[in-house]
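A.B. asks: Model the following, please.
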Amino acid sequence: MQLVILDRDGVINHDSDDYIRSAEQWTPIDGSIEAIARLSKAGYTLVVATNQSGLARGYFDLDDLEAMHAKLSDAVESAGGQLGAIFYCPHGPDDECKCRKPLPGLIDAIEAEFNTSAESVPFIGDSLRDLQAGASKGCRLMLVKTGKGEATLKQLEPQGSDGNTYTLNGQSVEVFTDLAHAVDAIQS
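C.D. replies: Just a heads-up that it's a prediction; the model follows:
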């Protein structure tokens, strides 16, 4: 199985410091849905791993979250692809759970669900938490500049002179404009 793990907010859809609270507020970043569909059609299993502390904070409820994820899944299906699964952490930052990124609990759950290892699997995110979670499992780290990506880039060490490769605690991080460009690299 060819697995790819994606963060949601800031990678697939536009993010907000006030949280995405409803399906109406959930809007995809240009090209992201088509990029997911392209990988799906090429035989990849795409899985979303997302922190959703807005649930714990009371900003939205489970029905709202399920409506957002239905909108995402429907959009990918309309583009000819499909998502393998969506895993989310419903906890707040002080809940001491094991699933909130940067901890690897969501990736552990993905490994268990799909009976595979996430080692070397592309993990595409926009935040330092995403990269840290992926690094802890030996994933191929891919940062997009959308969402919080530009701010995250400033926290990484440049590697080489190409301007597209950085490191996080010695592990290589590839940097891309957006999800569509990261998908190009996966397929090349």
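A.B. asks: So for the longest strand anywhere in the chain, mean pLDDT?
C.D. replies: Under DSSP state E, the strand in the chain containing the largest number of residues is strand 44-51. When pLDDT is averaged over strand 44-51, the result is 98.
A.B. asks: Sheet partners, orientation included, of it?
C.D. replies: Using DSSP bridges, the strands paired with strand 44-51 in its sheet are strand 2-6 (parallel), strand 85-89 (parallel).
A.B. asks: which residue ranges form the strands in the protein?
C.D. replies: Using DSSP E, the strands of the chain run over residues 2-6, 44-51, 85-89, 122-125, 140-144, 157-158, 165-168, 171-176.
A.B. asks: Spit out the contact partners of the residue nearest to residue 86 when sequence neighbours are not counted.
C.D. replies: When the adjacent residues along the chain are set aside, residue 86 lies closest to residue 48, with 4.4 Å between them (C-beta to C-beta, 6 or more residues apart in numbering). Where you see a C-beta, it was placed from the backbone N, CA and C, and this is true even at glycine. Contact criterion C-beta atoms under 8 Å, 6 or more residues apart in numbering gives 5-8, 12, 69, 72, 83, 85-88 as the residues in contact with residue 48.
A.B. asks: Mind doing that once more with 7 Å?
C.D. replies: Each residue near residue 48 by C-beta atoms under 7 Å, 6 or more residues apart in numbering is listed here: 6, 8, 83, 86-87.
A.B. asks: for stretch 26-35, how far is the first residue from the last?
C.D. replies: 17 Å (C-alpha to C-alpha, to the nearest Å).
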